[in-house]
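Asker: Next input, structure requested:
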Amino acid sequence: MTLNNSWKTAIIAVSASVATIAGYRAFDGYKNDVIINEAGGKSNASLVNYTGIPAGQPGDFTYAAGVSAPAVVHIKAKTTRTVRQMPSIFDQFFGMDDDVFGGPRTQNQESSGSGVIISEDGYIVTNNHVVEGASELEVVTYNKRAYTATVIGTDPSTDIAVIKIEEKRLPAITFGNSDEVKVGEWVLAVGNPFNLESTVTAGIISAIGRNINILGQNKQGRGQQQAQKQDSPIESFIQTDAAVNPGNSGGALVNLSGNLIGINTAIASPNGAYAGYAFAVPSSIVKKVSTDLIKFGNVQRGFIGLAPVELNNKNAKEFDSDLDEGIYVAEVPDDGAAKDAGIKKGDVITKVDGIETKSEPKFRELIGRKRPGEKAVLTINRDGKVKDYTVTLRNNKGGEGIVKKDPELASAFGKLGIELEDISSKNKEKIGLRNGVRISDIREDGFFAQNTNIEAGFIITRVGNARVNSVKEVKDQINQAKKNGEEGVLICGVYEGSTSRNYCVGIPVE
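Answerer: Below is the predicted model:
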């Protein structure tokens, strides 16, 4: 993967290897409200300027480091992967079926990253890729205390995850307003690079609203139709030249008041180590995603129902637009929220909720902060006339309500992230199979998407040593393996029309 041909550099997700403070009640109406801290008013950079140096120039970073470092933790992730085992000559000699590769075996791996405490009672935000697939998570706090953590929820489309430790009166970070950050502003990155705990580095904001096309990579090769069913990645990164290395993932990017303005997520590098470019998810997205994960167990994405295209002086001529800045509305589906609000193809969006919107990543970020049922005010330029339109966002099912998390997703089968469909006897005969169940879709956040190359259309013929012939039989075999205390089980199958022998993959069932 490269950012572009001229950069010749790989984009690598960093592997899991005082203002007035106001309390923010994230979950009004719920018994277990989680309180996070937000900075009141605009950040005041002069707070760290104890040396008499004019504000805005390098000064004393000790205040920002002192208030933010205690809220940053070290996350150690242990991963147990179940892999297939090739048959020995003895298996073949004794007549083992040629489409079964023997029993599964496990491989243990360890990696590390960072996290940020966002509430006094133990909620911690980090990157999805830090905790992805982990069978055990250990959190080490600033004062060297170790805890076992549980995963509350993950969102691959923003690479954000929330975990929790059981403790009280923890030093929670204060959220800053990422909309107020400016290019050239001084920032600190706090994390645990290369297992060096509580490391602080300084730099400046190099760019904002940066799209590096990293979060959508796992959709490549899975087909256009499947990709369209998933939530589009939201990439509107804050770019900084503060040194960020493997292990910094999930750590804090803070301003000179020590307020969180981003979660460090990725670097651009030719060799896997810091080379001058680092990227952080803005705190506005972090706050929205983390509160959704804690409150609902999944992210409540609001859909606006239009196809946005960032205008420039080249494509403005192609679209016959009088404007060469803003978001061009290339398509408005008939059943979408934008259509009902009066938005038309050819309109140019210049603002969202009063915030100037010139880039597509920024537009997606502003909409991505909202839930279904919430409203977005779009400032539209139509044939030179400017007017505000209010759009009520919808969920991915077309309604305006909150979409509850399916309880089955927490089961051993649900964690695989696949949808199945039965195959009729006639079609099985046509394919040339005695039995089988087809994978009709693969979710972005499941085991299959993140750990295998299997695509939709794959036909499962066996789960363990049992032949399967219905969706129910597949689910029952996987969930039964979990009840039996097994760590993993083999799933074997074929693609329709393939002449090669069955392909098997080991899946975890913990």
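
Asker: first vs last residue of stretch 133-147, how far apart are they?
Answerer: End-to-end distance of stretch 133-147 (C-alpha to C-alpha, to the nearest Å): 19 Å.

Asker: and stretch 480-492, average pLDDT?
Answerer: Stretch 480-492 carries an average pLDDT of 86.

Asker: so how far is it from its chain's centroid?
Answerer: 28 Å (C-alpha atoms, centre = their mean, to the nearest Å).

Asker: May I see the buried residues of it?
Answerer: Residues of stretch 480-492 classed as buried: 480-482, 486-492 (neighbour count, 16 or more other C-beta atoms under 10 Å). Bear in mind the C-beta positions are built from the backbone N, C-alpha and C, glycine included.

Asker: Same question for stretch 503-510.
Answerer: Residues of stretch 503-510 classed as buried by neighbour count (16+ other C-beta under 10 Å): 503-509.

Asker: From these, which land in strands?
Answerer: 503-508 (DSSP state E).

Asker: Can you tell me the SS state at A449?
Answerer: Put simply, A449 is helix when judged by DSSP: H, G, I helix; E, B strand; the rest coil.

Asker: Likewise for A65?
Answerer: Looking at A65 with three-state DSSP, the answer is helix.

Asker: cool, the one 4 residues further on as well?
Answerer: Under three-state DSSP, the three-state class of A69 is helix.

Asker: so K370 touches V377, yeah?
Answerer: No - contact status for K370 versus V377: not in contact, 11.1 Å apart, counting by C-beta atoms under 8 Å.

Asker: out of the two, which sits in the busier spot?
Answerer: K370 (21 against 14; other C-beta atoms under 10 Å).

Asker: That one: which element?
Answerer: Per DSSP states H and E: K370 is located in neither a helix nor a strand.

Asker: residue contacts, it?
Answerer: When contacts are counted by C-beta atoms under 8 Å, 6 or more residues apart in numbering, K370 is found next to 288, 302, 376, 393.

Asker: Which single one of these is nearest to F319?
Answerer: Distance to F319, by C-beta to C-beta, is smallest for A376 among the contacts of K370, at 22.4 Å.

Asker: Does the spatially closest residue to that closest one that is not a sequence neighbour lie in a helix or a strand, and which?
Answerer: Nearest residue to A376 in three dimensions, chain neighbours excluded: V391, at 5.1 Å (C-beta to C-beta, 6 or more residues apart in numbering). Using DSSP H and E, V391 sits in strand 385-392.

Asker: Next: S440.
Answerer: Assigned by DSSP H and E, S440 falls within strand 437-442.

Asker: Enumerate the beta-bridge partners assigned to the residue nearest to N396 when sequence neighbours are not counted.
Answerer: With sequence-adjacent residues excluded and distances taken as C-beta to C-beta, 6+ apart, N396 is closest to F303, at 6.3 Å. Judged by DSSP bridges, the bridge partners of F303 are R394.

Asker: Tell me which residues touch F303, please.
Answerer: Counted by C-beta under 8 Å, 6+ apart, F303 has contacts 336-337, 372, 393-396.

Asker: ditto for F296
Answerer: 402, 404-405.

Asker: Out of those, the closest to V309 would be?
Answerer: Out of those, the member with the shortest distance to V309 (by C-beta to C-beta) is I402, at 29.9 Å.

Asker: ok, that closest one to S112 distance?
Answerer: For I402, the distance to S112 (C-beta to C-beta, to the nearest Å) stands at 35 Å.

Asker: Could you look up the SS state of K362?
Answerer: K362 is classified as helix under three-state DSSP.

Asker: any idea how far it is from Y389?
Answerer: With distances taken as C-beta to C-beta, K362 is found 18 Å from Y389.

Asker: In terms of neighbours, single out the busier of these two.
Answerer: Higher neighbour count among K362 and Y389: K362, with 21 against 17, using other C-beta under 10 Å.

Asker: list the contacts for that one?
Answerer: Residues in contact with K362 (C-beta under 8 Å, 6+ apart) are 209, 236.

Asker: 10 Å instead, please
Answerer: Residues in contact with K362 (C-beta atoms under 10 Å, 6 or more residues apart in numbering) are 179, 208-209, 211, 236, 282, 310, 327, 352, 355-356.
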